[in-house]
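[1] this one's sequence-less:
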C-alpha cells in the first residue's frame, strides 16, 4: 500500500474514532490486553528473532535491554492498558459554554486531534503504550519503530489491530510503517498527519523536529540545572543535587549542570565536590570553580551538553539574575530547580526561568507524568504551544466549537440597529 | 541592527514581560492609547503619504480602504485598547494544583508563550491590535506590515514603543521589520520566535505556513459549507444560507458551498436558486444540481475554492454521510453548518465534521471571536493543536509546571520499598 493511501485511511478512521463512545473504546482496550496475553508466545518468538539478529550485528547492551520484550514486559504493558481503561475519557468534555442570545448556545468541546504519527527507536513497549493512548483519546495512529525490532513490532501491531477491529474499532486506525524511507514520507504528509510524537535519543528526536512541518510533541534534550542560591540550606542543596544528578543518570530529567552563587562558592564547593565524587561523578568547572576545587575546566560546549552520564558541569554565578540568564541561554527549557530559603528569590526564579518545569527545593527527577499524577504519560514536551512538560492524555486532544441555534442569522446583530448578544455563561454540558 | 540580534532582544524582553504584574501592563496599555491620540496628526500625516504613494502605484480600492488610517480608525483602536485593559490577565492563572506528597505541591500556571512574530498585509490597525494583545498577555512581538503601509507602521510602532517603555515595559519588547527579506529571515528564527500569526489574504497566509517551522496560528482558507439535510425546515435553510453567503461575502466565515440532500433536491433547489439569484449570487452546480435548475457546471477545482464573492457551488449529496465526507475532503476545516430538524443527524454532523466550528441551524457568519464573547480576537485558527477556531487572549499563553518542595528527592519513591505519592487535588492558587 502507498504511504499516502495508508495516511488517508488513517484520517478516515480517525473521523470514525472521534464519534465512538467511551465504553466502546474501553472495550477495545480490554480486548487488546487480552489478545496480547493470548499471543504472548508469538510475540516472544518474534522478539527472540529480533534479539538474535541484534546480537549478531553487535548492538550494545543498553540497546539490547530496551529491545527485549519478554513475559514481564507483556505483563507490564497489559497493566498499563488496565490503568488506561480506568482513566476518564479526555474526549467530549465541555470546556466552556455560553449563550450568545436566546436559543443560540455555544459549546467548546474536547475532541481528538486526528492522526498521530509516532516514530520510536528500539523499545517495542512504546508501540503498545502509544497506540493504546491514541485509541483511548480517539486518535488514529501511524507507527514506525526501530528496524532492529521489526519482527516484534509487526506481531504487536497485528495483534492490536486484529483485536481492536474485532471489537468494533474502524479498520486502518493503526498502521505500521516498515522502512526509513517511509518515515521521510510521513514527515511530509501534513495534510493527513496532525501531530508527530518521537520517542528515542536526542539526536533522533532532533532529526525528526528538523525534518517536518507537522507539529512535534516531545523534547530533544534535557539539559537540567540545579541552582544553589546564596540563601540555600546546604544539606537540602546537596541532597537535591545528588538525587537530581545520580538517582538515574540516563534520563532527560537528570541534572547536567549545577550553578552556585559566588557568595557561598568557596564555602560550599568543597562539600559539594566530596558528595559528587563519593557518587563517582566527574566534575567539570568554570574558571571560578576550578580556582576553588580541583576539577577539569569546562569548555563552552559543555554548558549545552546532555551527558546522560556520571558527569556534571559546575558554574559559579554572581547571583540570581545571572543564574536565570545562564539557564535561559544554555538550557533546554526542560526542568530547572533552585535551592534557597529565600522565598522572593524562588518566586523570581520560577517566574523568569523559561522552562516547562521550574522547581523550588526539590529534585529535577520529579519531572515525570506518573509522579505528577497524570495517570499516563504521552511524552515530555519542551514546545511553547499546546502542551508543555510531562503530557498526559489531554495532550492528544484539542477542542471544537459547537454552535446550536434555531434558524439564527448574523444580520440582526450588525449595523447601527444591531441587536446585542447576551453572552451569558452557561453551567451545563453540550447536549450533543 | 541584525535580525538575529533583534530577535534575541525580543526574547530577553519577553522574559522580563512574563514577570510583570497585571497593573503595570494595563498602565502601559493606557499610556499607548493616550500616546496614539496625542500623536494622531503625525500618524495621519504618515498615512497620507502612504496613501498618496499607493494611489500613484495604482493599488485597487479595497486595498486602499484597508490602508487608510484616519481619525476614526485611531478612535477605534484606542477603544479596542480600553476594552483590552478591562479583560482579565490570561497570565498567572493556576490551572491545576495537586499535592504529590506532604509538603510537595505541584501547580500548573498559565504564562506567556514568549516571542510572537506577526506578519500582516496592508491594514495598519492590525499592528496596534496585535501588539497590544501581545503586551496584555506578556509576550514580546516582532512585526512586519505591508510595504505599502511602511510610513504609517513606522510611526505607530515608534509611538507604541516609546509610550510603553516610558511606562516601564522592557526595551525591545516590540520590534518592527522593514523588508521582505527580513520576513524570510524571521521565518527561520525558531530559536527565538515561538509562534507566528499571519494576517492577510489566503495566498499570503499559505506562503507563511509553507515557509516556516515555527508554529503558525491562523487559517489560510475559509471554505465553509451549509448542508441542507432532508429533514431541514426550508425557511430556516434559506434564511441561513442567504445570511451565510451574502451578509458579507469577503470574509473567511462566509459560506462558499451548499450541499443538499438528494431526497429534497428537486423540491427545494428552485426556491434556493431564486433566493440566491435575488441576492445576485452566481450558482455553479454539480451534475445533479444542473439537471434540476439552470446553472453553470462546477469543476473539480470549484469545490476547493474560496471565492470571497457572490458565487456559490451547490452539490446534491446522497445523505448525511456523503455530506460529512465531502466537507472533510474538500473543506478547509474552518466553519460548517447543518440545517435540520433531526437531532441525531445534527449530533452526528457536529461530531464527525472535522472543523474548528460546527454549527446546527445557524449561520456560518457567527464564527468570530467578538460574537463568541471572547472579548478580543487574536485570529481564527484551523490548526489541530493549541488553539482552534476563533482564538482569544488564551491563545497567546501556555503554562509551566511549578513544583514546590522542602528538600524532597525522588529516591524514596523508587524501588521495591517505594513510598506512595498522595496525589491529592488542591483547591488553591499557586502561592508564588
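    Done, it's in. Treat the numbers as computed from the prediction; the structure is a model and nothing was measured. Numbers count the residues shown, from 1 in each chain, chains lettered A, B, ... in the order given.
[2] Next, the contact list for residue A:285, please.
    A:293, A:295-298, A:313-315 (C-beta atoms under 8 Å, 6 or more residues apart in numbering or on different chains). Placement of C-beta: from N, CA and C, glycine included.
[3] Could you single out the nearest of those residues to residue B:81?
    Using C-beta to C-beta, residue A:315 comes nearest to residue B:81 of the contacts of residue A:285, at 43.1 Å.
[4] so how many other residues sit close to the residue lying closest to that closest one once chain neighbours are set aside?
    Nearest non-adjacent residue to residue A:315, counting by C-beta to C-beta, 6 or more residues apart in numbering or on different chains: residue A:286, 4.3 Å away. Under the neighbour criterion other C-beta atoms under 10 Å in any protein chain shown, residue A:286 is assigned a count of 20.
[5] mind listing the helices in the stretch 201-350 of chain A by residue range?
    In chain order, the stretch 201-350 of chain A shows helices spanning A:202-210, A:234-246, A:262-278, A:287-292, A:320-330, A:343-352, with DSSP state H, counting those that start in this stretch as the criterion.
[6] In TSV: those, plus mean neighbour count, mean pLDDT and distance to chain B.
    Listed next are the helices of the stretch 201-350 of chain A as TSV, based on neighbours: other C-beta atoms under 10 Å in any protein chain shown; pLDDT from 0 to 100; distance: least, C-beta to the nearest C-beta, whole Å:
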stretch	mean neighbour count	mean pLDDT	distance to chain B
helix A:202-210	17	88	8
helix A:234-246	22	98	4
helix A:262-278	16	98	13
helix A:287-292	16	98	23
helix A:320-330	19	97	6
helix A:343-352	19	97	4
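[7] Just give the strands next to the longest strand along chain A in its sheet, each with its orientation.
    Looking across chain A with DSSP state E, the single longest strand is strand A:397-408. Looking at strand A:397-408 with DSSP bridges, its partner strands are strand A:104-112 (antiparallel), strand B:357-362 (parallel).
[8] Okay, buried residues for that strand please.
    Applying a neighbour-count criterion of 16 or more other C-beta atoms under 10 Å in any protein chain shown, one finds A:397-405, A:407-408 buried in strand A:397-408.
[9] Same list, the helices of the stretch 201-350 of chain A, but as a markdown table with distance to residue A:145 please.
    Listed next are these as a markdown table, based on distance: least, C-beta to C-beta, whole Å:
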| stretch | distance to residue A:145 |
| --- | --- |
| helix A:202-210 | 12 |
| helix A:234-246 | 31 |
| helix A:262-278 | 37 |
| helix A:287-292 | 43 |
| helix A:320-330 | 33 |
| helix A:343-352 | 38 |
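[10] nearest to residue B:71, of those helices?
    Per C-beta to C-beta, nearest to residue B:71 of these: helix A:343-352, 40.7 Å.
[11] For the closest residue to chain B within the stretch 1-150 of chain A, the count of nearby residues, please.
    Closest residue of the stretch 1-150 of chain A to chain B, C-beta to the nearest C-beta: residue A:19 (4.5 Å). Residue A:19 sits with 19 neighbouring residues when counted by other C-beta under 10 Å.
[12] Disregarding flanking residues, what is the spatial nearest neighbour of it?
    residue B:351 (4.5 Å).
[13] Torsion angles phi and psi at the closest residue to residue A:177 other than its chain neighbours?
    Closest residue in space to residue A:177, ignoring its immediate chain neighbours: residue A:144 at 4.1 Å, by C-beta to C-beta, 6+ apart. According to degrees, to the nearest 10, the main-chain angles of residue A:144 amount to phi -140, psi 120.
[14] Hmm, residue A:144 is touching residue A:116, no?
    No: checked against C-beta atoms under 8 Å, the pair residue A:144 and residue A:116 is beyond contact range at 12.0 Å.
[15] which one of these two has more residues nearby?
    Taking neighbours as other C-beta under 10 Å, residue A:144 and residue A:116 compare with residue A:116 leading, 27 against 21.
[16] Please identify the pairing partners of the strand or helix carrying the more buried one and their relative orientation?
    Using DSSP states H and E, residue A:116 sits within strand A:115-120. Each strand paired with strand A:115-120, and its direction, by DSSP bridges: strand A:140-144 (parallel), strand A:195-199 (parallel).
[17] okay, these, which one's buried deepest?
    strand A:140-144 (a mean of 27; mean count of other C-beta atoms under 10 Å in any protein chain shown).
[18] list the contacts for residue A:96?
    A:107-108.
[19] how does it look with 7 Å?
    residue A:108 (C-beta atoms under 7 Å, 6 or more residues apart in numbering or on different chains).
[20] While we're on residue A:1, how confident is the model there?
    For residue A:1, the pLDDT comes out at 69.
[21] joint contacts of residue A:144 and residue A:116?
    With C-beta under 7 Å, 6+ apart, residue A:144 and residue A:116 have no common neighbours.
[22] related to what we said a few turns ago, could you list which residues are in contact with the residue nearest to residue A:315?
    A:298, A:314-316.
[23] What of residue A:133?
    A:84, A:376, A:378, A:393, A:396.
[24] buried subset of the residues you listed?
    Buried, going by 16+ other C-beta under 10 Å: A:84, A:376, A:378, A:393, A:396, out of the contacts of residue A:133.
[25] Of those, which belong to strands?
    Per DSSP E, these never map to strands.
[26] Take these and lay them out in a markdown table including pLDDT and distance to chain B.
    Output for the buried ones among the contacts of residue A:133, formatted as a markdown table (pLDDT from 0 to 100; distance: C-beta to the nearest C-beta, whole Å):
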| residue | pLDDT | distance to chain B |
| --- | --- | --- |
| A:84 | 96 | 17 |
| A:376 | 84 | 14 |
| A:378 | 91 | 12 |
| A:393 | 95 | 14 |
| A:396 | 97 | 10 |
